[in-house]
Every structure is written in C-alpha cells, then in structure tokens.
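A.B. asks: pasting the sequence and the predicted coordinates here, then a few questions.
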Amino acid sequence: MTLADLAIIQGRRYPARRRTQNLVGGASPIQAANFSAGYITLDPDGGQTPWHNQEQEEVYFVLEGTVEVCLGAERQILSQGQAVYIPPGVFHQITNVGTSSARFIYIYGPAGDVAHWRQELAGTLPKAGVDAPPLPAGAWPQCTDTHIL
C-alpha cells in the first residue's frame, strides 16, 4: 500500500505566497497515470496561484478560508465546501481574500507537470492583459514577483 502523508510531505513554497504539497504525482510517493492531486495553502491577504492556463482539466475544492477564483472573464468568491471546474486551456487564478490562511485541494488530469510552476519560479508567467487575456474586472492583481521564496 502506498500512502501520502501531508505531515511528512514538505512541499514547495512559491513566489506568489503559497505552499504546494503533491498528494498524487510530482514528489509524492503516489503516482497515477490519469490524474494529479495536491494540497495548497495560500498565505493570508493575497496568497495566490497566479493567472495561468494548462492543457489539463482541473478542479479546485476549498477546504478552508475565502478565496477569489477568476476563470476566463468570470470572477467568483468561494468558501469552505465549494468546488470549481476549470476547463482545459482557460486562464484561471485563485487568491486568498481572507485574513487567515486558505486551503484547497486541486485535482487535474491527465497526470503530468504543469508549466506554470516552472514559469512562476523563473518569473516568466504570461502577464495578464499583456501576454495573456486580462483578469476579470475587480480581480486581485496577478502576482508575478519572484523575490518571495
């Protein structure tokens, strides 16, 4: 039996003020061919998975906190117990709009690496409204700063 334990999985900090721990795929002991899954902790007041897109379809499931989800031209506030489906190729972003940490699970398929992790670390994410479609009106700005690790 192969297990993944969040108490043991160190994960990685990203410049946009989040910690990602792979549950399935990546550095996790659990590997699957058809999907990847992970646990994200967003720092208070703006911790984020910045504006990006990918070939995989994805679901975000909010476990704790209040987050703003931008999906294409749409913007919605989600809280504990809510999930959102993200179609392949559609730009999306999730931002913690609360004063305490927010936590969510992501699941995407098929399995494999997503380019936005490397792009964020390298400071090469497509910029909203410049290299990528603009964020929806009223959205938190895209975090593309690489100085916070």
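C.D. replies: On my side now, so go ahead. Numbers count the residues shown, from 1 in each chain.
A.B. asks: quick one, grab the pLDDT at residue 143.
C.D. replies: Confidence at residue 143, expressed as pLDDT, is 87.
A.B. asks: which ones are touching it?
C.D. replies: Listed by Cβ atoms under 8 Å, 6 or more residues apart in numbering, the contact partners of residue 143 are 15-17, 46, 48, 50. All C-beta atoms are positioned from the backbone trio N, CA, C, and that covers glycine.
A.B. asks: quick check: closest non-adjacent residue to it.
C.D. replies: Excluding the flanking residues, the one nearest residue 143 by Cβ to Cβ, 6 or more residues apart in numbering is residue 16, at 4.0 Å.
A.B. asks: sort out for me which of the contacts of residue 143 are in strands.
C.D. replies: Secondary structure from DSSP state E places 48, 50 of the contacts of residue 143 in strands.
A.B. asks: among the contacts of residue 143, list the two that are farthest apart in space.
C.D. replies: Within the contacts of residue 143, 15 and 46 form the most distant pair, 12.1 Å apart (Cβ to Cβ).
A.B. asks: please report how far the residue nearest the centre of the chain lies from residue 11.
C.D. replies: Centre of the chain computed as the mean C-alpha position; nearest residue by Cα atoms, centre = their mean is residue 49, 4.0 Å away. Taking Cβ to Cβ, to the nearest Å as the measure, residue 49 and residue 11 are separated by 13 Å.
A.B. asks: also residue 5?
C.D. replies: Counting by Cβ to Cβ - residue 5 and residue 11 are separated by 12 Å.
A.B. asks: swap in residue 51?
C.D. replies: In terms of Cβ to Cβ, residue 51 sits 22 Å off from residue 11.
A.B. asks: okay, the residue nearest to residue 24 when sequence neighbours are not counted: pLDDT?
C.D. replies: In this structure, residue 24 finds its nearest non-sequential neighbour in residue 37, 4.2 Å apart by Cβ to Cβ, 6+ apart. On pLDDT, residue 37 comes in at 98.
A.B. asks: now do the helices in this structure.
C.D. replies: For the chain, helices defined by DSSP state H occupy the ranges 115-122.
A.B. asks: mind listing the strands for it?
C.D. replies: 12-14, 18-24, 36-42, 48-52, 57-64, 66-71, 74-79, 83-86, 92-96, 102-109.
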